[in-house]
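**Student:** from the sequence below, what's the structure:
(one chain, ligands or ions: 2)
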Amino acid sequence: AGEYDVEQPNAERLVDDNQLVNDNEINTEKSLDAEDSAGIAPIMGQGFVSGGISMTYRSVVLKKWFQAPTVRESRGKPGEMGKPVKIPADMKDLMKEKFKENQFNLLASDMISLNRSLTDVRHENCRHKHYPSKLPTTSIVIVFHNEAWTTLLRTVWSVINRSPRSLLKEIILVDDASERDFLGKQLEDYVAKLPVRTFVLRTEKRSGLIRARLLGAEHVTGEVITFLDAHCECTEGWLEPLLARIVQNRRTVVCPIIDVISDETFEYITASDSTWGGFNWKLNFRWYRVPQREMARRNNDRTAPLRTPTMAGGLFSIDKDYFYEIGSYDEGMDIWGGENLEMSFRVWMCGGLLEIAPCSRVGHVFRKSTPYTFPGGTTEIVNHNNARLVEVWLDDWKEFYYSFYPGARKASAGDVSDRKALRDRLQCKSFRWYLENVYPESLMPLDYYYLGEIRNAETETCLDTMGRKYNEKVGSSYCHGLGGNQVFAYTKRQQIMSDDLCLDAASSSGPVNMVRCHNMGGNQEWVYDAEEKWIRHTNTGQCLQRATRDDASTPLLRPCNYSKGQQWLMESKFKW
Ligand code: LR7
Ligand code: MN
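**Tutor:** Numbers count the residues shown, from 1 in each chain. Ligands and ions are numbered 1, 2, ... in the order given. This is a model prediction of the structure:
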């Protein structure tokens, strides 16, 4: 299940208020005309939850709808204003039963209005931003497989209710071979009545989200494609910040901040605005704290667009022509996974920009496990997609992935010659360039002396993380030569690291722990003496020594003494 563990963003709200600097000069590289589409009143008489700021490009017809207050009080249904839904005790069994259908609290979702209100979660200074009066039109593409009715339609309604109508060209739903009746004709009949042109496309057979999105993209008539997952809720003002960045530079791929809709209660929980996307050695997408250098580049303006090394993948806007110029998606990728990092690397390495627009906030239901099948096997499919990604984009750094996750070597990437040709044709830069310029904080070190097992000359055992977590002792065990927990990088920053863990010693007598790498030397700095084969801890001047008999698997620090137990060999003898 480790492959499907996309980490949730840090859901706490940060409260230091930095001085905000306005960053709104628009330097139109490509002038896009916003087309005024005729506004039609929404059906179901529920009106808009939207409102507040009067946008110059909103059509006159629509203005009356926007007189509704921004913050609307509960209309009697649960979950209004993004509040959590409480399930009565006598319905808990039903709730548990229904949870299994989608791996979220379907009962709660079904109790909430499709038009539920949300609070305006934007940073205060976002509300006063001015966007260019001419923004491009966008088509929304939402792919789904066996999605629940209420989450899907709430996504659609939140788009309709909170997007300036003149910018919204159409909503394209792509059904990826769902097996639920209500997603058939019932859905088509329903969307036909929506106030915004909405239609359903269907893949012939289960295609996976990547090829389903490609199908949706083919039918886009707007100037920008905006992708959303099928269980999102867009908040007030979400769209303008995304489109505005594309007006400034059409090679910008822009994501909203992805807030959390609780899978248990459907509460709308704001995510941190100080996280960006990264990845680990296993190529899992992860949220990390934005480093100071990027905060400084943005003049510490928390509402200014944030350059992010990678994106989560589900929610973003991209100029339609640019989407194709830059190689859309890799059609060889199946079902789920890998495409988000593939696109992130590709965009950066081939001359684009990947950003998070912090004034755009969209909620997403994060799940703990997948509700649907992966025909061919979850691991196999994710490994296959990742193999395509590393073979095309990672250059030498693909060894971090394969050695740390040896099971992945079995997966076949299939034919990637088209994607490699694309990389050549676009004259994309190297992965080294990406690490140097976009993501120097990456867990994949830019410069390293060694990647492999670290073997003790006396005991013939190898340093081993033993699968332990943060702040636990590093171990050693029989050298299995398979990589994984026995793979360490010795970096130019003189760290001994395994994914996000670094060997760390806080005192000369204490244990050698694995601590989250901080890249600042200190307790994590080690000097390898290739002559003596010592691994000497800089701060204490002590040497790493094999485990003693009383604590058989825990290497320790001892005064350097030329003994064989202090000799460590960095010569990989992997069995691949
Ligand atoms: O076979 C499939 N066919 C589909 O149409 C499998 C999935 N899908 C649809 C599915 O119904 C959903 O609408 O694809 C969408 C994404 O699948 P989810 O919601 O089951 O997975 P997820 O939320 O974990 O997906 C995240 O990672 C994926 C990797 O391939 C995609 O990039 C998703 O778009 C991405 N979602 C987000 O970025 C939202 C924020 C999550 C985070 C972090
Ligand atoms: Mn999702």
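**Student:** in this protein, which spans are helices?
**Tutor:** Along the chain, the stretches classed as helices by DSSP state H are 60-63, 92-102, 106-111, 149-162, 185-192, 208-218, 239-248, 292-297, 320-325, 339-349, 378-393, 398-404, 417-425, 431-437.
**Student:** mean pLDDT for the ones you listed: which is lowest?
**Tutor:** Among the helices of the chain, helix 60-63 has the lowest mean pLDDT, at a mean of 29.
**Student:** neighbours around the residue of the stretch 401-550 of the chain found nearest ligand 1, how many?
**Tutor:** Proximity of the stretch 401-550 of the chain to ligand 1 (CB to the nearest ligand atom) peaks at residue 411, 15.7 Å away. C-beta here means a position set from N, CA and C on the backbone, and glycine is covered the same way. Neighbour count for residue 411, taken as other CB atoms under 10 Å: 18.
**Student:** doesn't residue 386 make contact with it?
**Tutor:** Yes. Between residue 411 and residue 386 there is a contact under CB atoms under 8 Å: 7.5 Å.
**Student:** hang on, the earlier thing: ok, the residue of the stretch 401-550 of the chain closest to ligand 1 - contacts?
**Tutor:** Applying CB atoms under 8 Å, 6 or more residues apart in numbering to residue 411 gives the contacts 380, 383-384, 386-387.
**Student:** if you rank these by neighbours, which is first?
**Tutor:** residue 386 (27 neighbours).
**Student:** what distance do you get for that one to residue 342?
**Tutor:** Residue 386 sits 9 Å away from residue 342, going by CB to CB, to the nearest Å.
**Student:** what is in contact with those two at once?
**Tutor:** Joint contacts of residue 386 and residue 342 (CB under 8 Å, 6+ apart) do not exist.
**Student:** for the lengthiest strand in the chain, packing partners?
**Tutor:** Counting residues, the longest strand in the chain under DSSP state E turns out to be strand 353-365. Counting contacts by 3 or more CB pairs under 8 Å, 6 or more residues apart in numbering; DSSP states H and E, strand 353-365 packs against strand 232-234, helix 239-248, strand 252-261, strand 306-307, helix 339-349.
**Student:** and if we set it to 6 Å?
**Tutor:** Judged by 3 or more CB pairs under 6 Å, 6 or more residues apart in numbering; DSSP states H and E, the packing partners of strand 353-365 are strand 232-234, helix 239-248, strand 252-261.
**Student:** each with direction, which strands does that strand pair with?
**Tutor:** Paired neighbours of strand 353-365 in the sheet (DSSP bridges): strand 232-234 (antiparallel), strand 252-261 (parallel), strand 306-307 (antiparallel).
**Student:** tell me who's in contact with residue 264.
**Tutor:** Taking CB atoms under 6 Å, 6 or more residues apart in numbering, we find residue 264 in contact with residue 105.
**Student:** mind running it again at 8 Å?
**Tutor:** Residue 264 touches 104-105, 108, counting by CB under 8 Å, 6+ apart.
**Student:** ok, these vs ligand 1, which is closest?
**Tutor:** For the contacts of residue 264, the nearest to ligand 1 is residue 104 (10.0 Å; CB to the nearest ligand atom).
**Student:** I figured the closest one hits residue 368, correct?
**Tutor:** No. Here residue 104 does not reach residue 368: they are 9.1 Å apart, not a contact under CB under 8 Å.
**Student:** around ligand 1, pick out the residues from the stretch 151-300 of the chain.
**Tutor:** For the stretch 151-300 of the chain, the residues in contact with ligand 1 (CB under 6 Å from any ligand atom) are 176, 206, 208-209, 212, 229-230, 258, 285.
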